[in-house]
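> Give the three-dimensional model of this entry:
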Amino acid sequence: MSAPPASSVTPEIVFLVLIIVIIARRTVLQLQGSRFSVGRLFVFAGFYTLLFVALAFATLYAATVAWGTNAYLLLVPYVAVPALGGAFAAPYVRRIVRFERRANGEEYYRLSWHIPVLYLALFTARIVAEIAVFGLAGVEFTIPPPAPPSVGALEILIGVDLLFGLSLGLLLGRGVGVYLAHRDLPPEEVGSAPPPSPPLPSG
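Okay, here's the model as predicted:
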């Protein structure tokens, strides 16, 4: 496989690859146990939401060019899919998340492997599908965004955007579920002292 020309490696592509790396890293951390912090739960989710809104705007612009005001009906699935993902993930994560206080005195939470892995897979599938259909230019952001070359391509773009929306809903639902589960902990388990360290070996 030959390397792409340097001109095709845009800041947008580097940015999306960086996002995938960050998500992959967070996936590993959540499998091993991630430090509990309300800010950490929702700051990245807020950034991810802004990215989704930007992509949705680009798709809505292209759909309006192709379909006129009928394109505004897309707002329904673009809102409903993240909402359904969050509505599913929040109670499920709330039920399965586990907390532990480690020797450094900080609280950590751990999730089953399939939640963060599914989240990573959905985001990566969206990027791969878009590049496969539109090429490397498909992930470039321009104002105004270019219209897809055909109605079929536009429908595929909507599909991959909704994959992104589903992963966004899972991310938001995960944060809500972890927060609610932590809030429901018995008072004696919140802020409890870490277990005593084992004695050092003699000699």
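> For the rest of this, base every contact and every neighbour count on C-alpha atoms.
Noted.
> which one is Phe88 nearest to, not counting chain neighbours?
Closest residue to Phe88 apart from its sequence neighbours, by C-alpha to C-alpha, 6 or more residues apart in numbering: Gly173 at 7.2 Å.
> which residues does the closest residue to Leu168 other than its chain neighbours contact?
Once flanking residues are discounted, Leu168 sits nearest to Pro82: 6.0 Å by C-alpha to C-alpha, 6+ apart. The contact partners of Pro82, by C-alpha atoms under 8 Å, 6 or more residues apart in numbering, come to Gly165, Leu166, Ser167, Leu168, Gly169, Leu170.
> now the helix or strand where Gly85 lies, how far from the centre of its chain.
Here Gly85, judged by DSSP states H and E, is contained in helix 75-96. Its chain's C-alpha centre and that of helix 75-96 lie 12 Å apart, by C-alpha atoms, centre = their mean, to the nearest Å.
> ok, which stretches of the chain are strands?
With DSSP state E as the criterion, the chain has strands at 34-35, 98-101, 107-110.
> list the helices and strands the shortest one packs on?
Pointing back at strand 34-35 there. Where contact means 3 or more C-alpha pairs under 8 Å, 6 or more residues apart in numbering; DSSP states H and E, strand 34-35 is packed against strand 107-110.
> Check the last one too.
Counting contacts by 3+ C-alpha pairs under 8 Å, 6+ apart, the secondary-structure elements packed against strand 107-110 are helix 11-32, strand 34-35, strand 98-101.
> of all these, which lies closest to Ile156?
With C-alpha to C-alpha as the measure, helix 11-32 is the member of the helices and strands packed on strand 107-110 nearest Ile156 (19.0 Å).
> which of the contacts of Pro82 lies closest to Ala71?
Closest to Ala71, out of all of the contacts of Pro82 and judged by C-alpha to C-alpha, is Gly165, at 17.4 Å.
> ok, back up a step: now, which of the contacts of Pro82 sits nearest Val76?
Distances from Val76 to the contacts of Pro82, taken as C-alpha to C-alpha, are shortest for Gly165 (12.0 Å).
> quick one, what contacts Phe52?
Counting by C-alpha under 8 Å, 6+ apart, Phe52 has contacts Asp161, Phe164, Gly165, Leu168.
> which of the residues you listed tops the neighbour count?
Looking at the contacts of Phe52 with neighbours defined as other C-alpha atoms under 10 Å, the largest count falls to Gly165 at 30 neighbours.
> OK, contacts around that residue?
Counted by C-alpha under 8 Å, 6+ apart, Gly165 has contacts Phe52, Tyr78, Val81, Pro82.
> Check those for the minimum pLDDT and say which it is.
For those, the model is least confident at Phe52; its pLDDT is 88.
> Contact partners for Thr27?
Contacts of Thr27 (C-alpha under 8 Å, 6+ apart): Pro116, Val117, Leu120.
> wait, Arg126 sits on Asp161?
Yes - between Arg126 and Asp161 there is a contact at 7.0 Å, judged by C-alpha atoms under 8 Å.
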